[in-house]
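Novice: Have a look at this prediction, sequence included:
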Amino acid sequence: MAVTTLSQAVRDHVSEGDTVFIGGFGHCVPFAAGHEIIRQGKRNLTLTRTGADILIDQLIAGGCVSRLIVGYIGNPGIGLAHAFRRALEAGSLMLEEWTNFTLTLRLHAGRIGAPFLPARALRAGDMPRHIANLATVTCPYTGAVLTAVPALCPDVALVHAQRADEDGNVQLWGIDGDTREGALASRKIIATVEEIVPADLVRRSPELTILPAHRVSALSVVPGGAHPSYVHGYYTRDDARFAEYDRLSRRQDELDAFLAAHVHGVADREAYLGQFPLTDLNWLAHHRPGQRP
Amino acid sequence: MAVTTLSQAVRDHVSEGDTVFIGGFGHCVPFAAGHEIIRQGKRNLTLTRTGADILIDQLIAGGCVSRLIVGYIGNPGIGLAHAFRRALEAGSLMLEEWTNFTLTLRLHAGRIGAPFLPARALRAGDMPRHIANLATVTCPYTGAVLTAVPALCPDVALVHAQRADEDGNVQLWGIDGDTREGALASRKIIATVEEIVPADLVRRSPELTILPAHRVSALSVVPGGAHPSYVHGYYTRDDARFAEYDRLSRRQDELDAFLAAHVHGVADREAYLGQFPLTDLNWLAHHRPGQRP
Amino acid sequence: MSTEIESRNLVLAAALELRDDETCFVGIGIPSLAAMLAKRTHAPRAHLIYESGGIGADPQVPPLSTGSPCIAENAAMLGDCLDVFGELQAGRIDLGLLSAAQVDRFGNLNSTVIGRYESPRLRLVGSGGAHDIASLAKQVVILMPHEPRRFVPQVDFITSPGHSLAGNERAAAGLRGGPSALITGRGRFTFARGEMVLAEVFAPFTVDDALEGLSWQVPVEDTVMRRSDFAPAAAAAYARLDRLPTGTG
Amino acid sequence: MSTEIESRNLVLAAALELRDDETCFVGIGIPSLAAMLAKRTHAPRAHLIYESGGIGADPQVPPLSTGSPCIAENAAMLGDCLDVFGELQAGRIDLGLLSAAQVDRFGNLNSTVIGRYESPRLRLVGSGGAHDIASLAKQVVILMPHEPRRFVPQVDFITSPGHSLAGNERAAAGLRGGPSALITGRGRFTFARGEMVLAEVFAPFTVDDALEGLSWQVPVEDTVMRRSDFAPAAAAAYARLDRLPTGTG
C-alpha cells in the first residue's frame, strides 16, 4: 500500500479496458476519484455498482465508459441519468442489467471466493431474458430451482471514506450499501479519505474498519472528495447540485460545459472545492471528524 | 419483543427437541442463558455453533443435549471437552461435524434465505465421508465441482451482548465470530445484555447494532452473563476458570458437583456472581460501559 | 397531473397498509412518505428497512435517496445491502411498497424502458431493488398517482413481476405473495383473483373517477367501499409531513 | 517431551516462514507465538488473521483462544468468521500455520480422533478452521513438537488434507498449495515432491536427532542445511515473548 496523490493512484491502478467498481451508496460517492479518471481520459471502462448515480453519468459523458453492469442508474429522487440515456438510445453503450440484490450477490460471491451463488430472484418477468447466458442451479437438498448468479471480481475499486491510518486501514461509518462487498471483491482498491489519523485511533475502534491495509493498493487524502454526495460526520449532501445536474445534463452541450468547467478545468479536488465550497458542516458533535472513537 | 427475566425467556422460547444456536466466539459466550437451560432441565436439544467451548460441554454434562452440529469442541488453548468426549465415547451423543468455515456458511445460507451455498472446502480428506448425504454442486459457469452446504436455521439462538435499547435493538462490539450470522439465521433469538441504554444512544451508533428489534424474541438484562468468558469493555476473560474446568471436568463426579454448586445450586446469575465475583474491570476508558458512543 | 387532494389521499391510504410491528421495505418518494406517516400515526413500531442497509430507520425528512443522511442518522441498525436483501430473500419482510412508470392489470411493474428494450423510446432507471421486493416480500402494495398513461393493458417490460393469468406461476418460480393492493389518489384496488379490481374509493372521488381514462375494463367489486375521510390525527400528521422540506436531512 | 531448546527452535524457525507484508491465518499455541515473534522481528507488517474475525491482529500476550481479548484489543479490523474464511476461500491468504495431534508423511493432519471415528480411543477437538486452512491457503506450514507418537505412517483420520501420492489430487479437488514445510524443534522438513523430506537441522541437533523415533524411513535431502543459531535479535525477542504470561490479556 502506498500513500500517494490521487492523480498518481489513478495513473498507476486504472487501465483502459478495466472493470471498475464505484463505491458509495448515496453516501461517500468517490466523485474526486471519478473526476480524476475523466481528466486522465481513461477509455473503454466497464463500470459497476448496484445503484449508480450521477458520478457514473458523468463518467459516461466524459467518454470513459463502454459498458455498465448495474442494478439501477438515475439521479436518485429526482429523475433519469441523461448522459446514460442518450448513450444507450444512441447505441454507444453496452448495458448488463441486474437487480440490486442479485448484483450485490455477484460481488459477494467475488468477495468470498465462490464462483457463483444461488438466488431466489430473477426467476420471473423480463429481466432474466436480457442477461446473456444466465444459468439456473438446482438445490441438491430441496430440489428448488434457483438463479445461479456468477461471481463478479472488478479489476479495481474506487472507495471514498471518512479516514484511514498510515498503514492503509480504511474506516467508514454511516451508510455502506454495497461499498464493502464491491471493494473487497475487487483485485485492487484505490481509497480516498477525508483524513489520515493515528493507527492507535483506528485500532481502538476496529469495528469501523471496512478495508484492511493489505487489500488497499493506494491511499490518498482528499478532503471533500465525495461532494456533492456526503460524508457522514464531515459534510452533508448537497441536494441542490443533484437538482442542478438534472437540469444541465438534459442537453449534451450544457453537460460538456459543466465537465469543462468543473472537471477538466480544475487540476484537482482542492481547485474544485474553490468552485463549490462546502458550507454545511453542522453535524452533531459525536459525528465530527476525529471525535468518532 | 418482550423485556423479561431470563428464566421466563428460556421457559417461553426453548422447547425440548429444539435446535439451539449458542452465540459467542470466545467473547460474550451466553453462560447465564445456558445455565438457565440446564436448571430448567430442557432435554433432547441439538446444539450448534462453529467453535464450541465449555458452555456446550456443561450443557452436555447437564443432560440437555442429544446432538451437536459443530466445527470444533474443546477448551480453547487448554485441552479437550471432557463431558463431550465421554458422551461420544459412550455413544450417548450424536455428532454432526463440519469445519468452522462450512458451518459458518450453513448459518449464512440460513440468514440470507438460500437453501444451500457452494464451498471449496470439504473436498478432500476424511471429513466429507462422515457427513450424511453431503452433496456437491457444479458451477454452471466454470464447471468447478463444489461442496453444496445446506442452510441451517436453528429454532432459537442464545446471544449475550454489551447492551440493547428497550425496543430490543442489541449492540455488540469486539469479537463477533459467527454470532451475528447464527443468531440471524435462527427463527427466534433470546438476548441477554449487560445493560439497557436509551434508544437515542443506540441510534447514535447504529453500526454497532447486530440484532434489530424485530428479530429479538426476548431480552433480559443479565450483568455478568458471559462469565467466565468476557464482555469487551465490561469485564475480561477469567482464564483461571477455564483451566479449573479442565481439571474438574475430567471426572464425572467432580463435574456433577460443579453443576450442583454453581448451576442447580443458584437461583440466577446474581446468585452465581456471589460465588464468582467479577474483579477485573480494568479496561481502557474508551471501552467502559456507556462510554462507547 | 395529480391534484393536491389526490396526493394526500394516496399517502394517507398507503400508510394504512403498514401494520404496527411489521417489517416494511421502503423505496423513495411516495413509499417513504407513506411509511413516515404510518410511523407517526398507527404504526410507531413498524420496522422500516431501506435497501442501502438502513434498518429500523426513522427519517425526519422525506429522503431523496435510500443512502441519504436522514436514513443513517436515526436508524436503529446500519447493515448493508446484503443484510437487508438477505432478510428479504429469507422471507422476513412483511410488506414492500413500490411505485413504477407503468403497471398492468396483473400488477406487473415497469421501471426499465418505454418502448422496446433493444430500441428504447425512453430509457428509465431500471430495477434497483424493485424486482427483488416484488419477487420476495410476503406482500407488495403498489402506489401510483392516477395518471392514465401509467395504467396499460400490458407493460412494455416486466421489471417487477406481478400476478399472471395462470395463478400458480409465481409459486412455481419460487416467488412469494405478490401485489395485494394498488392505491391511487382516488381509490384502492385489490388483486384477490390475481387481477386488479376496484374495491374502495376515496371521497370526493367516485367509482367513475377512480376508473377515469384507464385503457381497459377494470373489474369493480360488487360492493365498493367509500372512504369519506381519513382519521383526523392521520390527516393532521400528513399536513405536518407535507410541510417538511424534501431532502436528505 | 519437548525440551526448552526445542520449544525455542520451533518458534524461532516457524517465525521465519512468515514474510513481511504477507497475510497469515494464525491458530492458537505455537502458531500464535511464531506469528507474534515474526511481527516483532523481520515481518512487522505481516497481516495476522484469526478465524474469530480479527484482521491485522497484534496480540500483546499469547492468546488462549482466537476469540480472546488480546485479539480484539489491538486489531486493525474486526470482521467475522465469514469475512476471514471468505478471504481464505478467495485465495487471499498467503500462509496458514497449523498444528495437530498427528501428521503423516504426506502432511495429512489429524485433529479429530485417535482410533476409529465410530469408536474413538480418544476423541479430539475436531477441525475448527484447520481443514479449511489446509485446503485453501496458498501455502501451509505445519508446526509440531518432536514427539514421535505424533508422526505416523498414516493418520487415523485426515482432518486437514495434505499431499497424496498422486500429485494432482489436490488440484483436481480444487484445493490450493498444501503443506510446504513441517517444522519441529529439531529440524525443518519440506514437501517438494509431496512427501516429507528432512532439509535442515537446528543446532545442537543432528540428522539422527531430527529423525529419532519416527516410525517410517523419512527421506533426507542430499545436502541437509545446518542452522547453528537464529539471529540474535530474534533470539532476544523470543526470550521476551517467553516471559509473557500466556493468557487472554
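Specialist: Received, thanks.

Novice: is it fair to say A:Ile69 lies in a strand?
Specialist: Yes - the assignment for A:Ile69 is a strand, going by DSSP: H, G, I helix; E, B strand; the rest coil.

Novice: Could you report the distance from it to chain B?
Specialist: Here the distance between A:Ile69 and chain B works out to 15 Å (CB to the nearest CB, to the nearest Å). Any C-beta I mention is one placed from the backbone N, CA and C, and that applies to glycine too.

Novice: Could you report the neighbour count for A:Ala135?
Specialist: 13 (other CB atoms under 10 Å in any protein chain shown).

Novice: wait, it sits on B:Gly143?
Specialist: No - the pair formed by A:Ala135 and B:Gly143 falls short of the contact definition of CB atoms under 8 Å, at 11.4 Å.

Novice: Contacts only, for the closest residue to chain A within chain C.
Specialist: Closest approach between chain C and chain A, counting by CB to the nearest CB: C:Gly67, at 1.9 Å. Under the criterion of CB atoms under 8 Å, 6 or more residues apart in numbering or on different chains, the neighbours of C:Gly67 are A:24-27, A:51, A:76, A:175, A:177, A:229, C:52.

Novice: what's the pLDDT at A:Cys64?
Specialist: Per-residue pLDDT puts A:Cys64 at 98.

Novice: is it true that it touches A:Arg39?
Specialist: No - proximity of A:Cys64 to A:Arg39 does not meet the contact threshold set by CB under 8 Å, at 10.1 Å.

Novice: So these two - more neighbours on which side?
Specialist: Neighbours of A:Cys64 and A:Arg39, each counted by other CB under 10 Å, are more numerous for A:Cys64; the result is 22 against 18.

Novice: residues touching that one, list them.
Specialist: Under the criterion of CB under 8 Å, 6+ apart, the contact partners of A:Cys64 comprise A:37-38, A:41-45.

Novice: Give me the subset of those lying in helices.
Specialist: With helices identified by DSSP state H, the entries of the contacts of A:Cys64 that belong to them are A:37-38.

Novice: Narrow the contacts of A:Cys64 to just the buried residues.
Specialist: Taking 16 or more other CB atoms under 10 Å in any protein chain shown as the criterion, what is buried in the contacts of A:Cys64 is A:37-38, A:42, A:45.

Novice: elements contacting the longest helix out of those in chain A?
Specialist: Of all the segments assigned as helix in chain A under DSSP H, the longest by residue count is helix A:100-112. Secondary-structure packing of helix A:100-112 (3 or more CB pairs under 8 Å, 6 or more residues apart in numbering or on different chains; DSSP states H and E): strand A:45-52, strand A:65-73, strand A:116-119, strand A:145-150, helix A:179-185, helix C:81-89, helix C:130-136, helix D:81-89.

Novice: Could you measure from the closest residue to A:Val266 other than its chain neighbours over to C:Glu73?
Specialist: On the basis of CB to CB, 6 or more residues apart in numbering or on different chains, the spatially nearest residue to A:Val266 that is not a chain neighbour turns out to be A:Tyr272, at 4.7 Å. Counting by CB to CB, to the nearest Å, the gap between A:Tyr272 and C:Glu73 amounts to 26 Å.

Novice: Neighbour count for those two, which is higher?
Specialist: C:Glu73 (24 against 20).

Novice: Test my guess that that one contacts C:Pro63.
Specialist: No - with contacts counted by CB under 8 Å, C:Glu73 stays clear of C:Pro63, the gap being 10.2 Å.

Novice: Just the pLDDT at the residue nearest to A:Val266, thanks.
Specialist: According to the per-residue confidence, A:Tyr272 scores 95 in pLDDT.

Novice: elements contacting the helix or strand harbouring it?
Specialist: Following DSSP states H and E, one finds A:Tyr272 within helix A:269-275. Applying 3+ CB pairs under 8 Å, 6+ apart, we find helix A:269-275 packed against helix A:31-39.

Novice: Kindly calculate the angle that the helix it packs on makes with strand A:65-73.
Specialist: For helix A:31-39 against strand A:65-73, the angle by axes from the mean of the first three to the mean of the last three CA atoms, to 10 degrees is 150 degrees.

Novice: if we look at the helix or strand where C:Ala235 lies, which residues are touching it?
Specialist: Assigned by DSSP H and E, C:Ala235 belongs to helix C:232-242. Contacts with helix C:232-242, where a contact means CB under 8 Å, 6+ apart, come from C:8, C:11-12, C:15, C:33, C:36-37, C:40-42, C:62, C:229-230.

Novice: can you rerun that using 10 Å?
Specialist: C:4, C:7-9, C:11-13, C:15-16, C:33-34, C:36-42, C:61-62, C:229-231 (CB atoms under 10 Å, 6 or more residues apart in numbering or on different chains).

Novice: check contacts around the spatially closest residue to A:Arg187 that is not a sequence neighbour.
Specialist: Distances taken as CB to CB, 6+ apart put A:Asp155 closest to A:Arg187, at 5.5 Å, once the chain neighbours are dropped. Contacts of A:Asp155 were listed using CB under 10 Å, 6+ apart, and they are A:13-15, A:17-21, A:45-46, A:186-188.

Novice: One more pass at 7 Å, please.
Specialist: Taking CB atoms under 7 Å, 6 or more residues apart in numbering or on different chains as the definition of contact, the neighbours of A:Asp155 are A:18-20, A:186-188.

Novice: Next one, pLDDT for it please.
Specialist: Here, the pLDDT recorded for A:Asp155 equals 98.

Novice: Tell me both backbone torsions, phi and psi, for it.
Specialist: When read as degrees, to the nearest 10, the backbone of A:Asp155 gives phi -70, psi -40.

Novice: pretty sure A:Asp53 is in contact with A:Pro76, am I right?
Specialist: Yes - the criterion here is CB atoms under 7 Å, and A:Asp53 meets it with A:Pro76 at 5.8 Å.

Novice: What lies in contact with the longest helix of chain A?
Specialist: Judged by CB under 7 Å, 6+ apart, the contacts made with helix A:100-112 from elsewhere in the structure are A:50-51, A:71-72, A:98, A:116-117, A:119, A:121-122, A:147, A:149-153, A:178, A:181-182, A:184-185, C:51, C:81-82, C:85, C:127-129, C:132, D:82, D:86, D:89-90.

Novice: of these, list those near chain B.
Specialist: Cross-checking the contacts of helix A:100-112 against chain B (CB under 7 Å from any CB of the partner chain) gives A:116-117, A:150, C:82, D:82, D:89 as the overlapping residues.

Novice: For PyMOL, what selects the buried ones among these?
Specialist: Of those, the buried ones go into a single PyMOL selection, burial set by 16+ other CB under 10 Å:
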select buried, (chain A and resi 116+117+150) or (chain C and resi 82) or (chain D and resi 82+89)
